[in-house]
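[1] Just to be clear, the model below is a prediction. Sequence and coordinates:
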Amino acid sequence: MHVGCVGILFVGTSTAALVLASILYVLRMFFITAFYHRYFSHRAFECSRKFQTVMAIVGCTAGQRGPLWWASHHRSHHLHSDTNKDPHSPSQTGFWFSHSLWFLTPKTYLTPENHIKDWLIFPELKWIDKTDWLPFVGLAGICYALGSLLNTFFPGLETSGAQCLVWGFFVSTTCLYHATYAINSLGHLWGTRRFETRDNSRNNSILALITLGEGWHNNHHRYPRSARHGLYWWECDIAYLGIILMSAVGLVWNVQKAPSSLTAKNQDAT
């Protein structure tokens, strides 16, 4: 993926390509944050089986493997956070391993089913998890096709299939990777601790901005099932706003939140 970013030296840039890259970054960050993380990993809200399937498919476009794989490893992280059994703890294995190298080790390609027994009753999710590369590769094709169409019908935009592929797929995905990885690494090293938890989780406003709310990581480790990670109005949590919007139109329901006693007790803490 990083090698593909070198393509910017050959295809140049354009406003259209940058807009496409930005849109795909935000959309896929939302898919990871709201769907893979808050829904599949923590069941922070409920939805229909059909919408659950849609969430699983679009989540695969982020290139972070399937929803069951993601949920399994993330649940393992919460069970063993910052111990020698944690899949990605900077205090145990160092920054770079916790940031991205853990994702590339052979044993992490497996999906430990003991952590996701609640999802194994859905055969469609198991199939999607095994073919997670299809939506991802499909997105690359869409980027190229879109760029080619824009070049044909709107030549004034000065873009092309190759340019939209490089920016919309390779650059956008690489940025998405590192922003997501930063929660595993920097989210346990850099920031403040409102709650005393058994791990080193931190709240970080910068990480929260680039991940649509995931940066309130200490809040999350204190009450993992909450769909809202930014527990107070001044803690930006765009993913939660998206979940509330989906709830308003009936796509999701039973949205979980941290108990008011927890937030009232700690609203002045850092």
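    Everything's here; your move. Note that the structure is a prediction, hence the values are computed from the model and not measured. Numbering: from 1, shown residues only.

[2] before we move on, what SS does the most centrally placed residue in the chain have?
    For the chain, the residue nearest the mean C-alpha position is residue 32 (2.8 Å; C-alpha atoms, centre = their mean). Here residue 32 is recorded as helix under DSSP: H, G, I helix; E, B strand; the rest coil.

[3] Now do the contacts for the nearest residue to it once chain neighbours are set aside.
    If the residues on either side of it in the chain are set aside, residue 32 comes closest to residue 62, at 5.1 Å by C-beta to C-beta, 6 or more residues apart in numbering. Placement of C-beta: from N, CA and C, glycine included. Taking C-beta atoms under 8 Å, 6 or more residues apart in numbering, we find residue 62 in contact with 28-29, 31-32, 36, 136, 173, 176, 180.

[4] redo that, cut-off 7 Å
    28, 31-32, 176 (C-beta atoms under 7 Å, 6 or more residues apart in numbering).

[5] can the residues you listed go into TSV with extra columns for pLDDT?
    TSV is the format used below for those (pLDDT from 0 to 100):
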residue	pLDDT
28	99
31	98
32	98
176	98
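
[6] Could you work out the most separated pair of those?
    31 and 176 (9.8 Å; C-beta to C-beta).

[7] what's the nearest residue to residue 162 if we skip its chain neighbours?
    Using C-beta to C-beta, 6+ apart, the closest residue to residue 162 is residue 11 (4.9 Å).

[8] Tell me how many other residues surround the one you found.
    Neighbour count of residue 11, defined by other C-beta atoms under 10 Å: 18.

[9] same deal with the one 5 residues further on?
    Residue 16 has 22 neighbouring residues, counting by other C-beta under 10 Å.

[10] Begin at 354 from now on, thanks
    That works, and once the first residue is 354, the last one we named lands at residue 369.
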